[in-house]
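> 3D, please:
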Amino acid sequence: MPPPPGQPELRTLALDHTVRWVPVHDAVPALSAPLGTVAAVEPLVIHQQVLAGIETYMSTSPALAFGILYGAIYRCPRLRMDYALVEGVEQGFVDDADANPDLRHALEEVIVRLQAGGLLALGWYRTGVTAGLQMSPTDTAMHATLFPEPWAVALLHDASTPRPQTALVRLTSRLRPYAVPFYELLPAQYNGEGDSVHSVIDWPTYRTTADVVRPDSKPIVPRPASIDAPQQAPQFRDIERIFDAPSEEPAKRADLRTPRRRAFPLFSLGPRAIRVSLAALAITVAIAAAWFATH
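Okay, here's the model as predicted:
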């Protein structure tokens, strides 16, 4: 049953199947927002295959690549909150040879095409931005016009550095761009087992506290096997039990509530010691009997 008009569709967000990325503000100081200037906005979630597609497209495209991020606003009944889920991308095209063209009309055409197919545009992306991932006044004005909703996002990509930098940006109420955290939604076949997950991004502008294997990461060199310290042979660990015969059946009803007492030393003699003592006593008795018999 579809949701009522104006209400988001219900879809549970499993946070244990995501990787949370937060911006490193020292890497993008121009996109850090002062405290108190950002209102509560729907969390941003992006399918991992969408991130992989964007990474591939931007790495194999000319200096300029752009398009629309589309998806939907969903309601998680378990978390009781709305979130924006990016489910796909649509590429844009321009005939202008300018290195920094105005993308407004080209993006409008893509938005109209998506709306005709019943898809919601959640934002846009572009590569070839100015160094430092700064949004130009033209791009800021275009974003505010095409995407007036506070949850709308722009993905900026700068490939002029050895490690390309990327930032996901929203606008404050005063149209100031700021980098936002997001969740990388893992594939459906991920079962949640294991200590680490595989990501498709390696952005120096973002970090995570999860145990993530990033793409093209260097192989982990195993540490040399540690040499264990020499240990005492097991038969010499308890000198009082050297001559003890092994028990036939372990105790089955040990009382775990009270500590086991250590045997008193007088009764810790083994069977061999008892036999030696009895033999010595027998010899003594025989000698005494012989003496009395001859006197």
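> In this structure I73 contacts A121, no?
No. With contact defined as Cβ atoms under 8 Å, I73 does not count as touching A121 (11.7 Å). Placement of C-beta: from N, CA and C, glycine included.
> Overlap in contacts, these two.
Shared contacts of I73 and A121 (Cβ atoms under 8 Å, 6 or more residues apart in numbering): none.
> could you pull out the strands for this structure?
Assigned by DSSP state E, the chain shows strands spanning 9-10, 18-23, 44-47, 65-76, 81-91, 120-127, 153-158, 165-171, 177-179, 182-185, 197-198, 206-207, 212-213.
> who does the fourth one pair up with?
What that stands for is strand 65-76. Looking at strand 65-76 with DSSP bridges, its partner strands are strand 9-10 (parallel), strand 81-91 (antiparallel), strand 120-127 (antiparallel).
> Most tightly packed of these?
strand 120-127 (a mean of 22; mean count of other Cβ atoms under 10 Å).
> Could you tell me the angle between that strand and strand 165-171?
Angle of strand 120-127 versus strand 165-171, following axes from the mean of the first three to the mean of the last three Cα atoms, to 10 degrees, is 140 degrees.
> model confidence over strand 120-127, on average?
Per-residue pLDDT values over strand 120-127 give a mean of 94.
> For it, give me every contacting residue.
Residues contacting strand 120-127 (Cβ under 8 Å, 6+ apart): 54, 58, 61, 63-73, 84, 86, 89, 103, 107, 110-111, 114-115, 139, 143, 146-147, 151-159.
> quick one: it to strand 153-158, angle?
Between strand 120-127 and strand 153-158, the angle comes out at 10 degrees (the same axes, to 10 degrees).
> For stretch 156-163, list every residue counted as buried.
Within stretch 156-163, the residues scored as buried using 16 or more other Cβ atoms under 10 Å are L156, H157, D158, A159.
> tell me the least confident of those?
Lowest pLDDT of the buried residues of stretch 156-163: A159, 75.
> Could you pull up the residues touching that one?
M58, S59, T127, G128.
> neighbours around the residue nearest to V213 when sequence neighbours are not counted, how many?
Sequence neighbours aside, H198 is the residue nearest to V213 in space, at 4.9 Å (criterion: Cβ to Cβ, 6 or more residues apart in numbering). H198: 15 surrounding residues under other Cβ atoms under 10 Å.
> OK, contacts around H198?
Applying Cβ under 8 Å, 6+ apart, we find H198 in contact with V212, V213, P215.
> dump the residue contacts of the last one.
With Cβ under 8 Å, 6+ apart as the criterion, the residues that contact P215 are H198, S199, V200, I201, D202.
> No more questions from me, cheers.
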